[in-house]
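Peer 1: Structure for the following, please:
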Amino acid sequence: MQVSVKGQHVDVGDSLRKHVEEKLEAIKQKYFNRVTDATVTFTKESHHYFRAHVTFHVGHDVKVQANAHDADPYIAFDEAAERVAKQLRRYKNRLRDHHERLEKTPEAAFIQARDYILQTEGVDIAEDKEDETKHAEPIIVAEITTSIPSMSVSEAVMRMDLADQDYMLFKNAKTDTLNVVYRRPDGNIGWIDPSLQAGSAGAKSKVA
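Peer 2: Numbers count the residues shown, from 1 in each chain. Model prediction:
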């Protein structure tokens, strides 16, 4: 497993780097040996706190992420690493099944899409109708190509949870339509399915 340890306004010394590498290797050996690489980034967020961001790439298409904050970078990393370990422990069997299925029948259904980053800071809000046309479109500051995978709803929920994200856009393998699962304020998982049923008038929104 390749391990990359980076610091943003943080001097990552040999001792901390060694601690990170040994702990991540132990997690890999204990929970899921198919982890291909890991990245840990330390960020100094204030005079007193560090943020540790840990990412495990489980194969080519699944990632496990976690963040933690503490005044001690070692403690921040340990907490983030433990959250990653907890997720790997929770989904260990399903991840194994996922990779065994891909080895037999590789996924071929990906949708290529554009991923835009829109500027929010420094953008003036229109105060009159003349300015509304001028500022009608947001400013694009970055653009990349991304792949939207085909999967089941349950797998989309798993991947969203593993990546510590608030939503997951995916192609529903059953209906062949774009779907979204997302975290609701009440703690449940929402599922938006635009496929139409007989008599329905629009997209379906469900609670998973």
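
Peer 1: Report the contact partners of residue 53.
Peer 2: Residue 53 makes contact with 40-41, 43, 65-67, 80, according to Cβ atoms under 8 Å, 6 or more residues apart in numbering. Heads up, the C-betas are built off the backbone N, CA and C, glycines and all.

Peer 1: After the strand ranked longest in the chain, which helix or strand is next?
Peer 2: Counting residues, the longest strand found in the chain (DSSP state E) is strand 140-151. For strand 140-151, the succeeding helix or strand toward the C-terminus, using DSSP states H and E, is helix 153-162.

Peer 1: and for that next one, what are the contacting residues?
Peer 2: 58, 62-65, 87, 91, 94, 98, 151, 166-168, 170, 172, 179, 181-183, 189, 191, 208.

Peer 1: Between strand 140-151 and it, find me the angle.
Peer 2: Put simply, helix 153-162 runs at 140 degrees to strand 140-151, going by axes from the mean of the first three to the mean of the last three Cα atoms, to 10 degrees.

Peer 1: Given whichever helix or strand comes after helix 153-162, what are its sheet partners and their directions?
Peer 2: Toward the C-terminus, helix 153-162 is succeeded by strand 167-172 as the next helix or strand (DSSP H and E). According to DSSP bridges, strand 167-172 forms sheet pairs with strand 140-151 (parallel), strand 178-183 (antiparallel).

Peer 1: Determine which of the ones you listed shows the lowest mean per-residue pLDDT.
Peer 2: Mean pLDDT is lowest for strand 140-151 among the strands paired with strand 167-172, at a mean of 77.

Peer 1: Now that strand: buried residues?
Peer 2: 148-151 (16 or more other Cβ atoms under 10 Å).

Peer 1: Where do the strands of the protein begin and end?
Peer 2: 2-8, 35-44, 50-58, 62-70, 110-118, 140-151, 167-172, 178-183, 189-193, 204-207.

Peer 1: Which residue ranges make up each domain of this structure?
Peer 2: 2-101, 109-207 (automatic domain parsing).

Peer 1: Could you identify which of these is most buried?
Peer 2: domain 2-101 (a mean of 16; mean count of other Cβ atoms under 10 Å).

Peer 1: any idea how far that one is from the chain center?
Peer 2: 13 Å (Cα atoms, centre = their mean, to the nearest Å).

Peer 1: what's the model's confidence in it, averaged?
Peer 2: Domain 2-101 carries an average pLDDT of 88.

Peer 1: Quick check: the residue most central in space within the chain vs residue 37, distance?
Peer 2: The residue lying closest to the centre of the chain (Cα atoms, centre = their mean) is residue 163, at 3.4 Å. Between residue 163 and residue 37 the distance is 15 Å, computed by Cβ to Cβ, to the nearest Å.

Peer 1: what about the spatially closest residue to residue 48 that is not a sequence neighbour, distance to residue 78?
Peer 2: Nearest residue to residue 48 in three dimensions, chain neighbours excluded: residue 71, at 5.2 Å (Cβ to Cβ, 6 or more residues apart in numbering). With the distance defined as Cβ to Cβ, residue 71 ends up 13 Å from residue 78.

Peer 1: Ok, residue 23 next?
Peer 2: Applying Cβ to Cβ to residue 23 and residue 78 gives a distance of 7 Å.
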